[in-house]
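Q: Predicted model, plus sequence, below.
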Amino acid sequence: MKAKVEKVTLYKNRRIIVISDIHGNLKLFKKLLEKVNYTKDDVLILVGDLIEKGENSLETLRYIIQLSNEQEVYVVTGNCDVLWEDIKYEVDNDSLLKYMLFRKNSLLNEMCNALSIEVNEKSDMAFINEQLRLNFVMELDYLEKLPHIIETEDYIFAHAGITTEDLEKNEINKVIKRDAFMNENLFFSKYVVVGHWPTANYGIEKGCCNPIINEEQKIISIDGGNAIKTEGQLNALIIDGDNITFDSVDDLLKGEIIKTQYSNKNTIQITWIDNLIDILKEGEEFSLCKHVSSGHNLLIKNDKIFKAKDGIRCYDCTDYFIDAEIGSIVSIIEKANEITLVKKDGVIGWVRNENLKL
């Protein structure tokens with residue numbers, strides 16, 4: 001099916017605030033709006049995945065609907081926002097029930113909870129679908145009517161990507177779910193702003209959760225990995241005339257650098273896309289491993305290593321140590337006996353514990 005496109009004319013003298021992948025994290029969403037000093041004079045554009053995975057999908061959706069009714073807000077749908085299809089069409093109730101049992105933090109479970117409907121292996125999905133359609137008309141209609149692409153004079157907004165600037169020719173499934181869009185070697189005449197794929201996944205030597213602006217391709221990727229990655233953050237792209245900046249928030253504990261530390265060279269960032277490893281030498285807390293595809297050797301925390309059907313793999317990990325000056329504030333991701341994984345200005349890396357005050 002072809003994507004639904006909405007064309008919007010924006011006044012040049014207004015700030016455009018762009019946020020993606022809120023994932024039901026209402027607290028962080030409100031915190032970010034406050035941090036960027038969002039007002040009724042701004043234009044707010046939300047680039048999909050409003051719900052799912054966070055703890056407040058229903059409340060988040062209602063808050064966005066309220067903002068849309070009161071201020072200039074534009075929203076495109078993401079792959080996590082199409083649950084209305086399952087409720088409306090009841091194509092596969094068995095799979096939907098399995099999803100609800102697996103994804104406890106889900107809009108559907110929150111709706112059932114609001115109606116005091118218990119969800120278990122024996123739930124009658126036909127009954128649940130009927131009750132949700134009857135009691136959440138406003139919310140489901142709002143999600144159903146969302147466009148897949150928004151085009152302005154200078155920008156195109158889509159959740160995961162586009163194939164062509166002849167926008168009506170884009171297929172829905174390629175717009176709302178598309179991995180590593182920036183790696184497809186596509187080039188556009190106006191900036192295409194997307195979420196969906198956490199920007200840290202693009203890192204090779206080190207990971208960074210900040211937006212990526214590729215001026216040559218004219219692609220801006222802004223998903224900070226909120227609700228997806230432990231180190232994730234919620235990003236806001238701020239377009240003010242020709243000036244493009246960003247700001248971000250996370251809900252991680254903070255620490256302070258008390259001794260200057262310098263970064264190391266020849267490092268690697270391993271993500272789930274390519275995480276096959278060999279264990280060279282087991283250790284008590286860290287094991288020396290080899291990343292199979294790159295041949296890079298690094299120490300990996302043992303609780304990040306797991307057995308898969310095709311061998312040994314690891315969760316996201318790195319051997320990068322950040323650059324940090326005294327007084328720098330960092331977000332704490334994970335603490336080990338001698339080092340702590342942190343995020344500084346969006347960049348993920350290790351700090352020696354002697355250099356850090358919690």
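A: Everything's here; your move.
Q: Quick check: chain neighbours aside, which residue is closest to D274?
A: S293 (5.4 Å; C-beta to C-beta, 6 or more residues apart in numbering). Heads up, the C-betas are built off the backbone N, CA and C, glycines and all.
Q: isn't S68 right next to V75, touching?
A: Yes: with contact defined as C-beta atoms under 8 Å, S68 reaches V75; the gap is 6.8 Å.
Q: Between these two, which is the more surrounded one?
A: Each of S68 and V75 has its neighbours counted (other C-beta atoms under 10 Å); V75 has more, 24 against 15.
Q: Could you pull up the residues touching G203?
A: Q269, T271, I348 (C-beta atoms under 8 Å, 6 or more residues apart in numbering).
Q: cool, and E165?
A: By C-beta under 8 Å, 6+ apart, the contact set of E165 is I156, F188, S189, K190.
Q: got a pLDDT number for it?
A: Here, the pLDDT recorded for E165 equals 98.
Q: Y11 too?
A: Residue-level pLDDT assigned to Y11 equals 82.
Q: The one 3 residues further on too?
A: The model reports R14 with a pLDDT of 94.
Q: helix, strand or coil for L134?
A: Judged by DSSP: H, G, I helix; E, B strand; the rest coil, the three-state class of L134 is helix.
Q: Could you give the number of residues near it?
A: Applying other C-beta under 10 Å, I find that L134 has 9 neighbouring residues.
Q: And for the one 4 residues further on?
A: Counted with other C-beta under 10 Å, the burial measure for M138 works out to 11 neighbours.
Q: Ok, S331 next?
A: 20.
Q: The host helix or strand of it pairs with which strands, and in what direction?
A: Following DSSP states H and E, one finds S331 within strand 329-335. Strand pairing for strand 329-335, using DSSP bridges, gives strand 254-257 (antiparallel), strand 339-344 (antiparallel).
Q: can you give me the helices in the stretch 151-300 of the chain?
A: Counting by DSSP state H, counting those that start in this stretch, the stretch 151-300 of the chain has helices at residues 172-176.
Q: which intervals of it have sub-threshold pLDDT?
A: Residues of the stretch 151-300 of the chain meeting the criterion pLDDT under 70: none.
Q: so what's the closest residue to K2 other than its chain neighbours up against?
A: Distance criterion C-beta to C-beta, 6+ apart; nearest residue to K2, sequence neighbours excluded, is E168 at 6.1 Å. Listed by C-beta under 8 Å, 6+ apart, the contact partners of E168 are K2, A3, V5.
Q: Strands - which of those land there?
A: Counting by DSSP state E, the part of the contacts of E168 found in strands is V5.
Q: Selecting buried members of the contacts of E168 in PyMOL, what would you type?
A: The buried residues among the contacts of E168 can be selected in PyMOL (16 or more other C-beta atoms under 10 Å) with this line:
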select buried, resi 3+5
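Q: And the contacts of E168, which is closest to K27?
A: Ranked by distance to K27 (C-beta to C-beta), the contacts of E168 are led by A3 at 31.5 Å.
Q: So which residue of this protein lies furthest out from the middle?
A: Distance from the centre of the chain peaks at K281, with 34.5 Å (C-alpha atoms, centre = their mean).
Q: Just grab the bridge partners of that one for me.
A: Under the criterion used (DSSP bridges), K281 bridges to L288.
Q: swap in K2?
A: E171.
Q: How about the contacts made by F29?
A: Residues near F29 by C-beta under 8 Å, 6+ apart: I19, I22, T60, Y63, L234.
Q: can you do 7 Å?
A: By C-beta atoms under 7 Å, 6 or more residues apart in numbering, the residues touching F29 are I22, T60, L234.
Q: Who does K343 form a beta bridge with?
A: As assigned using DSSP bridges, the partners bridged with K343 are S331, I348.
Q: and it, what pLDDT?
A: Looking at K343, its pLDDT is 98.
Q: what number of residues lie near it?
A: Each residue near K343 was counted by other C-beta under 10 Å, and the total is 25.
Q: Could you measure from it over to D81?
A: 27 Å (C-beta to C-beta, to the nearest Å).
Q: what's the answer for W197, then?
A: For W197 relative to D81 (C-beta to C-beta), the value is 16 Å.
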